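Colleague: here is the input, now give the coordinates:
(chains A, B, C and D)
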2 protein chains.
Amino acid sequence: MSASRPAEGSFDAAAGRRPTLTQVAALAGVSLKTASRALNDEPNVAEATGRRVREAADRLGYRLNGIARELRRGATSALVGLISGDLTNPFYSAVASGIERELRQHGLQLVTANNDEDAELEQSLVDAFLQRRVRALLVVPSGEHHDYLAIEGNRGVPFVFLDRPPDEATADAVLIDNVGGARAAAEHLLAGGHRRIALVADLARMAPQRARIDSFVAAMKAAGNEEWEPYLRTDVHDVRRAEETVRELLELEPRPTALFTTNNRLTTGALRALRGHTDPPALVGFDDFDLADVIGATVVAHDSVAMGREAARLAHERISGFRGPARTVTISTTVIPRGSGERPPR
Amino acid sequence: MSASRPAEGSFDAAAGRRPTLTQVAALAGVSLKTASRALNDEPNVAEATGRRVREAADRLGYRLNGIARELRRGATSALVGLISGDLTNPFYSAVASGIERELRQHGLQLVTANNDEDAELEQSLVDAFLQRRVRALLVVPSGEHHDYLAIEGNRGVPFVFLDRPPDEATADAVLIDNVGGARAAAEHLLAGGHRRIALVADLARMAPQRARIDSFVAAMKAAGNEEWEPYLRTDVHDVRRAEETVRELLELEPRPTALFTTNNRLTTGALRALRGHTDPPALVGFDDFDLADVIGATVVAHDSVAMGREAARLAHERISGFRGPARTVTISTTVIPRGSGERPPR
DNA sequence: CAGCAGTATGACATCGATGTCTGCCGTCCC
DNA sequence: GGGACGGCAGACATCGATGTCATACTGCTG
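Modeller: Below is the predicted model of the structure:
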């Protein structure tokens, strides 16, 4: 099998160790520095010499050692780190995609890591990234407190927070308009004539959830509605629990006539619970999702890819030398009526 | 703003340049090497000395320079590269997630890059990754030909192909059982009594699509069915076109009674076309997807996360020194009946 | 023909860590 | 008391590239 391929560059192709520039130079019969100049298209290299060097490099299958180059050039890589939840969650993968596209335009590469929604792991990932000398660090923080993250910001590595704000306004952030989105959802349902509106929310200690919950409650109060109060469910953290919770809600007497789920996971659970239901309540979910149009799910949509893009943009500006105060970009939300949120109360 | 934080380590905290081990050593009043020993918990460091060094490191906010360490230790990083399509496609993000989880267990980190389904870009990404000295390279190839990729495999950097086989069996690969999956879908529909079965497929030049198409056709022939022939549609590459194609199919006379879509994008398009249809044809789609249960979509499912995991496992074995011949792991498929594929012909 | 500019090249230091080797102590043991 | 040994520490080379500076050679000018 290996015999079918000619062993190019008889030096040490088999060793698994890549040839160095020194070896290329030796083969070409020039000095190390001249070889370097030739391969980097620097001036002052005789045409013939350049050709010899390039041939030697080809023969050996030489590839520049980026690690060595980076060390010499200033010990900072072309990598940008992203720490987020699992990529199977479409929210995170959309964000990652937006980041990746933006970074590429500036010759930067994305390194991803999953914090498993665990603050301790997250901390050690930050350490590892900084040690690896990433140019910037984008974080969708897992825990409540992340003071420790911001300190680094002042030491030369820009931090950008996504989805959840830093404890103090010490770093750039890209946030969703949670307050506006939740209010819009609440008002949409109120306008549809609903009063007994159930709220199914994720962990209330997480800032975006907190904001959505509070905003929903505020909207209810502003409308003088109190009938939602028995139907508030928070700290529902996975799809399974969401499905159960919705089932339980539907067995209450009187039954809620509408549901508001505060993220895509919970919406999925609710849709499962409602499947096959003859007379389902109205449903509005936070976060848009694939096929929501087919299902006819009314959602509070926002552009997660744009979130990533904006975060990468902020990071890139810092990398390029921007020194101004911390900035916050807010991603707007829109209610997209598709049917489920327009069902009347019964 | 910066004044609010005490300027720790008065050396050069402001400069944005991180302190080096030499500076830590100087502050602690020891030699470079002793500082290195202390921070790496090597033996033969007096307790008091160790403490002084660690204090100095803290004061300066020292963080080891991973680039320098890697260079010294052997010029190979702890990074593994993944080149695939856009992460907003749940297939790719599931694969990435599986890879990331597996790599983490071995202390490796994932670097992702999007080839935009462009062979030229892909090539340059491979170059960039190799230059960056990744430990292994996982690729979901875009184009038809990728000979050039395999050559590198013999030079010490393990390659693993996902979803699409290497041109020659020169590298490890993780593939889906496309033949089995497509046959199962075809037989499922035939068993339901369908004869006029439409096939909506993506670019036929891509190996997995080719396999699904061929296998479908073979199953039809084996069943002695010829009525599907007017309903074959290939090279349908995006959701929009899929939707249009399905609409067109449904206007044919006689109408096909069933559809088989050969990937998740096409299935999405088909579902859009079928939305609100009073008497929809049966539908089976290749690739499972979120909420398929809610929609009631019958699919040929496979475990994409496992695909990523297996690929990462193969890569890790190579990294750990395995030298055997190229291996191929096949991911099995299952038809999951959820309703759409069980609608009878009308 | 001296002087000078410009080109082509190489020697050497350097980036920030780690590996090797050497040297100095003090202690223990015969 | 002397040799062996273990603990501690430092000097120096090294990983693979690039930056700086010095040098040799060419050709041209006055």
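Colleague: endpoints of stretch A:300-309, how far apart?
Modeller: Between the start and the finish of stretch A:300-309 there is a gap of 20 Å, counting by C-alpha to C-alpha, to the nearest Å.
Colleague: ok, and what's touching that stretch?
Modeller: Contacting residues not belonging to stretch A:300-309 are listed as A:90-91, A:94-102, A:162-163, A:174, A:176-177, A:181-182, A:184-185, A:284-288, A:331-336, B:88 [C-beta atoms under 8 Å, 6 or more residues apart in numbering or on different chains]. To be clear about C-beta, it is placed using only N, CA and C from the backbone, and glycine gets the same treatment.
Colleague: tell me the mean pLDDT for it?
Modeller: The average pLDDT for stretch A:300-309 rounds to 98.
Colleague: now that stretch, how far from the chain's geometric center?
Modeller: 10 Å (C-alpha atoms, centre = their mean, to the nearest Å).
Colleague: related to what we said a few turns ago, mark which of the contacts of stretch A:300-309 are buried, thanks.
Modeller: Among these, those that count as buried by neighbour count (16 or more other C-beta atoms under 10 Å in any protein chain shown) are A:90-91, A:94-102, A:162-163, A:174, A:176-177, A:181-182, A:184-185, A:284-288, A:331, A:333, A:335, B:88.
Colleague: follow-up on the earlier one: mind listing which of the contacts of stretch A:300-309 are in helices?
Modeller: Here DSSP state H is the test, and the contacts of stretch A:300-309 give A:90-91, A:94-102, A:181-182, A:184-185 as lying in helices.
Colleague: surely residue A:299 and residue A:267 touch.
Modeller: Yes. In terms of C-beta atoms under 8 Å, residue A:299 counts as a neighbour of residue A:267; the distance is 7.3 Å.
Colleague: which neighbours do the two share?
Modeller: When contacts are counted by C-beta under 8 Å, 6+ apart, the set common to residue A:299 and residue A:267 consists of A:285, A:286, A:287, A:289.
Colleague: how close does residue A:315 sit to residue A:115?
Modeller: 18 Å (C-beta to C-beta, to the nearest Å).
Colleague: likewise residue A:211?
Modeller: In this structure, residue A:211 lies at 21 Å from residue A:115, with C-beta to C-beta as the measure.
Colleague: now the strands: where do they sit in the stretch 101-250 of chain A?
Modeller: Across the stretch 101-250 of chain A, reading from the start of the chain, the strands by DSSP state E, counting those that start in this stretch fall at A:109-114, A:136-139, A:159-162, A:172-176, A:197-200, A:232-233.
Colleague: winner for burial among those?
Modeller: Mean neighbours per residue, mean count of other C-beta atoms under 10 Å in any protein chain shown, is largest over the strands of the stretch 101-250 of chain A for strand A:159-162, with a mean of 28.
Colleague: quick one: is that one near chain B?
Modeller: No. Using C-beta under 8 Å from any C-beta of the partner chain, no contact is recorded between strand A:159-162 and chain B, whose separation bottoms out at 13.8 Å.
Colleague: picking up where we left off before, could you export the strands of the stretch 101-250 of chain A as CSV, including distance to DNA strand D and mean pLDDT?
Modeller: What follows is the strands of the stretch 101-250 of chain A, written out as CSV (distance: least, C-beta to the nearest atom of the strand, whole Å; pLDDT from 0 to 100):
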stretch, distance to DNA strand D, mean pLDDT
strand A:109-114, 18, 94
strand A:136-139, 22, 94
strand A:159-162, 28, 94
strand A:172-176, 30, 97
strand A:197-200, 56, 98
strand A:232-233, 57, 98
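Colleague: let's have those in JSON lines, adding distance to residue A:324.
Modeller: What follows is the strands of the stretch 101-250 of chain A, written out as JSON lines (distance: least, C-beta to C-beta, whole Å):
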{"stretch": "strand A:109-114", "distance to residue A:324": "24"}
{"stretch": "strand A:136-139", "distance to residue A:324": "15"}
{"stretch": "strand A:159-162", "distance to residue A:324": "14"}
{"stretch": "strand A:172-176", "distance to residue A:324": "10"}
{"stretch": "strand A:197-200", "distance to residue A:324": "39"}
{"stretch": "strand A:232-233", "distance to residue A:324": "41"}
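Colleague: residue B:261: which of these is closest?
Modeller: strand A:109-114 (29.9 Å; C-beta to C-beta).
Colleague: distance of residue A:74 from residue B:17?
Modeller: Look at residue A:74 and residue B:17: by C-beta to C-beta, they are 9 Å apart.
Colleague: and those two? Which one has more around it.
Modeller: A direct count of neighbours by other C-beta atoms under 10 Å in any protein chain shown for residue A:74 and residue B:17 places residue B:17 higher, at 14 against 11.
Colleague: name the nearest residue to that one, sequence neighbours excluded.
Modeller: Sequence neighbours aside, residue A:156 is the residue nearest to residue B:17 in space, at 7.0 Å (criterion: C-beta to C-beta, 6 or more residues apart in numbering or on different chains).
Colleague: could you check how many residues crowd around the one you found?
Modeller: For residue A:156, which is what you asked about, the neighbour count (other C-beta under 10 Å) is 16.
Colleague: could you do residue A:52 as well?
Modeller: Other residues within reach of residue A:52 by the criterion other C-beta under 10 Å amount to 19.
Colleague: give me the secondary structure label for residue A:82.
Modeller: Three-state secondary structure (criterion: DSSP: H, G, I helix; E, B strand; the rest coil) places residue A:82 in strand.
Colleague: residue ranges in the stretch 1-150 of chain A under the pLDDT threshold?
Modeller: Applying pLDDT under 70 to the stretch 1-150 of chain A flags residues A:1-16, A:75, A:144-150.
Colleague: quick one: residue A:36 and chain B, what's the gap?
Modeller: Separation of residue A:36 from chain B (C-beta to the nearest C-beta, to the nearest Å): 15 Å.
Colleague: residue contacts, that residue?
Modeller: Under the criterion of C-beta under 8 Å, 6+ apart, the neighbours of residue A:36 are A:21, A:42.
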